Each structure stands twice: as structure tokens, then as C-alpha cells.
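Asks: using only what follows, build the 3D model:
(2 chains)
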Amino acid sequence: MQYNFDWKLVLSGEYLQWIIDGVVVTCQISALSLVLAMAIGTLIAVMRLSAVRPLVWFSAGFTEFFRNTPLLVQIFFWYFGSDAVLPAAVNQWLYKQNFEFAAGVIALAVYTAAFIAEEIRSGIFSIPRTQLEASRACGLTFLQAMRYVVLPQAFRIIVPPLISQALNLFKNSSLCMTIGVMELTYMARQIESYTFHGFEAFTVSTLIYLTISLLVSFSITQYNKYFLRTIKY
Amino acid sequence: MAMIEFHDVHKWYGEFHVLKGITQKVEKGEVLVICGPSGSGKSSFIRCLNRLEPIQKGQILLEGKSIHDKSVDVNELRTEVGIVFQQFNLYPHLSVLQNVTLAPTKVRKMPKAKAESIAMELLERVGIHDQARKYPVELSGGQQQRVAIARALAMQPKVMLFDEPTSALDPEMINEVLNAMKDLARAGMTMLCVTHEMGFAREVADRVVFMDGGKVIEEAPPDVFFSNPQHERTQAFLREIL
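Replies: This is a model prediction of the structure:
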């Protein structure tokens, strides 16, 4: 039996529209999760370095828990389990929104935050302690010293591993198809079941993932080269 | 009332007894030079004053008030006691101007324009206002240390601490930093300087303090200190460095 390639079918009309819709959702879910993951990750990293014991324990527990369980399990957990974990009012609100999307964002953000927190922590360790000392000596509080002196330097140094985390998140977003988020992989799969042209659909989606990843990676690297030029001790 | 008073100050790093009962008075406008062999506790002595180092026993008063009093806000205290470090410790990701304006704008909530005009005056005072837009990495060591002096002065401190400010510099850059410090001394700043620059001590110090083994061994006005040191260890130390 011969397979008839039909690229035109996938790249025109309704199916092309599906792919475009899928790309949009993939980018939305990735961008939103990344912003949240960076915020949560920074918070967890700073908590872990604070002098307050309960905060240190909480952040260490957070990191180890979410780093060491499969993402797919976590996605199902938030999707099926949010009823039990989140307050009723929050759940009511979520059901009125796009619930699958929200569960996916929470799962991706929390999972990635655990990794990002570790990157940020090692970034902070790489900044000489004298930077913290010098800023505290001018009267800045611990949080001000972190915000204006230590973190801006730490972030620039950890951009390469952060890019890896961002790209992982972008690719991991495809797992959200399992809970019905209509992102790129979901759409490719749908085209396959409507047309039986799965090979074309998945080839196209693969190329889209690859292109976006490479573009993001390249542009952040260029941007960072410009900023790192002044950092020497 | 003295500007600064140390009463029987003791400090330990774990088991190591680094300050063994320091009692000193520094008057307003006085310039104190602290010297001694490495490990004698000179740096610890001055770093206690802005609470960069905790002490375990004794009392330190700034303008008559204990700096360890519960009512003292440590961040407020640090704005009154500026410090210049051996390794400059400028913020590498900020321009020279931003290095100087960071604390005034964030701690004092000063408007940016005002902070910048004050910063430019200070940079002019230490002779590097034409480098304000550059980054620390683009400056020489001597220039960086002068920026660090301007940065500390930006908070209008009552006291300035210098922790071996010229030890990390190439010889030809030492004088530009010392000159900035001399100007400051002549302008009436209260200064505690850990330094081995004896020319500086002779010229502007009101008193030289010699430390060894966590104690003050000898103290005297510079002419007496250099011409007629009393203690044997001071004599040996001066023979080494002069």
C-alpha cells in the first residue's frame, strides 16, 4: 500500500487555520507559564536564601517535590485535583474561564519554577558576597540589595540555563493536549484523525516547534551578550 | 560628647578571639589611622562600627547612642557610617553615576534628578565627573576606588571608614586615592582609616593607633608615633614597613 503525501491539504484552508490556532495557544500557554514560573522561581530562590527557617523549609520542599514528580502526573493532578486543593471560589471562577488552559498553565508554571529556582540560586551564589556586603553597607535592606544589585547580575549570568528551561517549558506545553488544551500538538493530532495525513501534520508541527525554539534561543543570546559586556570583577 | 566611643569591645570568630577589649574615643572631625600586622583585628575594629560585623561583648556608641540599641535601625545606621573597601566592590552592572545614585534613590527615596546632581558634584570632588557614564570595568583601579568614595559620600555620612583602600592598587594609582582622602580629612570628616600609607598618616592623621593580636598596643599623634615609638612591637613593625 502506498502513502500519498499531501502537503497542500495540511497547509491550506481549515487545517492550516487549525495549525495557526494551535501555534497561538502554544505560544500563549508557554509565555504565560514562563512569566509565572520566573516569578515563582525567583520568590522560591530568595526564600531559600533568607534567614527565616520556615521559608527555607517551604522552598526546599517545593523544589524537591515538583522537580521529582513527572510533569504529566502534575498536569493530571491540577486538572482532576484542583477541586480538592483550591478554594471553591477559585474553582468556580476557573470553570467559567478556559479551565483546561488554566490547569495547564498552573502545572507548567509550578513545575518549571522548581527548576528555575535552582538556576537562580546558583546564579546568586556565583555573585561575590562582597556585592551584598557593599550594598548593605550603603543602607539597602536585604530585599533591596537582592533586587537592585544581586539579582540583576545573577540573571545575566544564568541566561544560558534559563533559555534551556524556557525551551523545555515550550516543548513540555505539548503535554497539555492530554487534558484537552487545543495547542499545536493537539491540532496536529486532530488533523491526523480527520485526514489520516498524520505524517504531514506532525512534520509541520515539528518544524514550527524547532523554528520558534531556535529564534527564541538566538535572540536571547544576542541580547545577553550585549548586557554581559560590563560584568567583570 | 565624642563622635565614636568603643568600650571594652570583644569579638570572636568561632573560637578565634579577634578583638580583645578595644576602648577608643574618636572626636568629631578627627582622623584616626589604624595600622598593624595582618590578622591583628584592624579591619574587624572598623567594620564593627556599621555592624557589618557583630560584636559579642562591650559597647559601641555613635554620638552617645549605642549602635546595638533595639531602637537603632541598622540600615539607617549604615547611612551614617560610610565605608570604602579594599576591593572597591562597585556594582559592575551599573554605570558610575548609577553606582553613586542607587542608595540615595532607593534608601532615601531622593528624586532621580536631585540624586544625580549631588552625585555629579561628588564625582567632581574626587575628579572623575567626566567618567560618569562609563561602567566600572572601563575604569582604572584608582578611578574605581574614587567612585567608591563618592558612592559612600552620597549618603552624607557622619563618619567614613576606609578598609585598606589602597592595598589593591598599582603604585602609580595610590596617590590619586590618597589625595581624595586628604581632601575629605581637611573638609572635617571624621575618618577611621586602616592603611599602611605612612605618608598619609603623617600628613593628615590626628592619631595613629597600632594594633597587634586584637589589642591596641600603642597610640600617639603621628609625629610622636613615627619618631619615638614606645613599644617594642611597634618599633619592629615600623622597621618592616618604612
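Asks: from the contact counts, what lies against the biggest helix by length in chain B?
Replies: Secondary structure of chain B per DSSP state H: the longest helix is helix B:171-186. Helix B:171-186 is packed against helix B:141-153, strand B:190-194, helix B:198-204, with contacts defined by 3 or more C-beta pairs under 8 Å, 6 or more residues apart in numbering or on different chains; DSSP states H and E. Yep, even glycine has a C-beta here, placed from its N, CA and C like the rest.
Asks: show me what the helix or strand bottoming out on mean pLDDT in chain A is packed up against.
Replies: None of the helices or strands of chain A scores lower by mean pLDDT, DSSP states H and E than helix A:88-96, at a mean of 80. Contacts defined by 3+ C-beta pairs under 8 Å, 6+ apart place helix A:88-96 against helix A:71-85.
Asks: contacts for stretch A:128-142 next, please.
Replies: Contacting residues not belonging to stretch A:128-142 are listed as A:50, A:144-145, A:148-150, A:153, A:233, B:50, B:52, B:75-76, B:78-79, B:82-83, B:85, B:87, B:89-91, B:102-103, B:106-107, B:151-152, B:155 [C-beta atoms under 8 Å, 6 or more residues apart in numbering or on different chains].
Asks: how about B:Phe16, phi and psi?
Replies: Per-residue torsions, B:Phe16: phi -80, psi 120 (degrees, to the nearest 10).
Asks: quickly list what it is bridged to.
Replies: When assigned by DSSP bridges, B:Phe16 has beta-bridge partners B:Tyr13.
Asks: for chain A, see how far away it is.
Replies: Noted for B:Phe16: a distance of 19 Å to chain A, by C-beta to the nearest C-beta, to the nearest Å.
Asks: okay, that residue: pLDDT?
Replies: At B:Phe16, the model reports a pLDDT of 93.
Asks: do the one 10 residues further on as well
Replies: According to the predicted model, the pLDDT of B:Val26 comes to 95.
Asks: quick one: buried residues of the least confident helix or strand of chain A?
Replies: By 16 or more other C-beta atoms under 10 Å in any protein chain shown, the buried positions in helix A:88-96 come out as A:Leu94.
Asks: could you tell me the angle between the helix or strand just after it and helix A:88-96?
Replies: Downstream of helix A:88-96, the first helix or strand assigned by DSSP states H and E is helix A:99-126. For helix A:99-126 against helix A:88-96, the angle by axes from the mean of the first three to the mean of the last three C-alpha atoms, to 10 degrees is 110 degrees.
Asks: gap between A:Ile106 and chain B?
Replies: 33 Å.
Asks: and the closest residue to that residue other than its chain neighbours, how many neighbours?
Replies: Counting by C-beta to C-beta, 6 or more residues apart in numbering or on different chains, A:Trp78 is the residue found nearest to A:Ile106 once chain neighbours are left out, at 5.0 Å. Using other C-beta atoms under 10 Å in any protein chain shown, the number of residues around A:Trp78 comes to 21.
Asks: before we move on, the earlier item: now the contacts of stretch A:128-142: which count as buried?
Replies: Applying 16+ other C-beta under 10 Å to the contacts of stretch A:128-142 flags A:144-145, A:148-150, A:153, B:50, B:52, B:75, B:78-79, B:82-83, B:85, B:87, B:89-91, B:102-103, B:106-107, B:151-152, B:155 as buried.
Asks: for chain B, what lies in contact range of chain A?
Replies: B:50, B:52, B:75-76, B:78-79, B:82-83, B:85, B:87, B:89-93, B:102-103, B:106-107, B:135-138, B:151-152, B:155 (C-beta under 8 Å from any C-beta of the partner chain).
Asks: how about 7 Å then?
Replies: Within chain B, the residues that sit near chain A (C-beta under 7 Å from any C-beta of the partner chain) are B:50, B:52, B:75, B:78-79, B:83, B:85, B:87, B:89, B:91-93, B:102-103, B:106-107, B:135, B:137, B:151, B:155.
Asks: returning to what we had before: from A:Ile158, how far out is the residue nearest to A:Ile106?
Replies: 27 Å (C-beta to C-beta, to the nearest Å).
Asks: now do A:Gly198
Replies: 39 Å.
Asks: between those two, point out the one with more neighbours.
Replies: A:Ile158 (21 against 14).
Asks: what about A:Asn4, how many residues nearby?
Replies: Neighbours around A:Asn4, by other C-beta under 10 Å: 7.
Asks: got any ranges where chain A has weak pLDDT?
Replies: A:1, A:230-233 (pLDDT under 70).
Asks: show me the helices in it, by range?
Replies: Counting by DSSP H, the helices of chain A are A:7-10, A:13-49, A:53-67, A:71-85, A:88-96, A:99-126, A:129-137, A:142-145, A:151-157, A:159-172, A:184-195, A:198-228.
Asks: return the most buried member of these.
Replies: helix A:99-126 (a mean of 22; mean count of other C-beta atoms under 10 Å in any protein chain shown).
Asks: elements contacting that one?
Replies: Secondary-structure packing of helix A:99-126 (3 or more C-beta pairs under 7 Å, 6 or more residues apart in numbering or on different chains; DSSP states H and E): helix A:13-49, helix A:53-67, helix A:71-85, helix A:151-157, helix A:159-172.
Asks: these two touch, right, B:Thr101 and B:Ser117?
Replies: No: using C-beta atoms under 7 Å, B:Thr101 makes no contact with B:Ser117, being 9.8 Å away.
Asks: who has more neighbours out of the two?
Replies: B:Thr101 (24 against 12).
Asks: now B:Asp163: phi and psi?
Replies: phi -100, psi 90.
Asks: and the gap between the residue nearest to A:Leu143 when sequence neighbours are not counted and A:Val56?
Replies: Distances taken as C-beta to C-beta, 6+ apart place A:Val46 nearest to A:Leu143, at 7.7 Å, with adjacent residues excluded. Distance from A:Val46 to A:Val56, counting by C-beta to C-beta: 11 Å.
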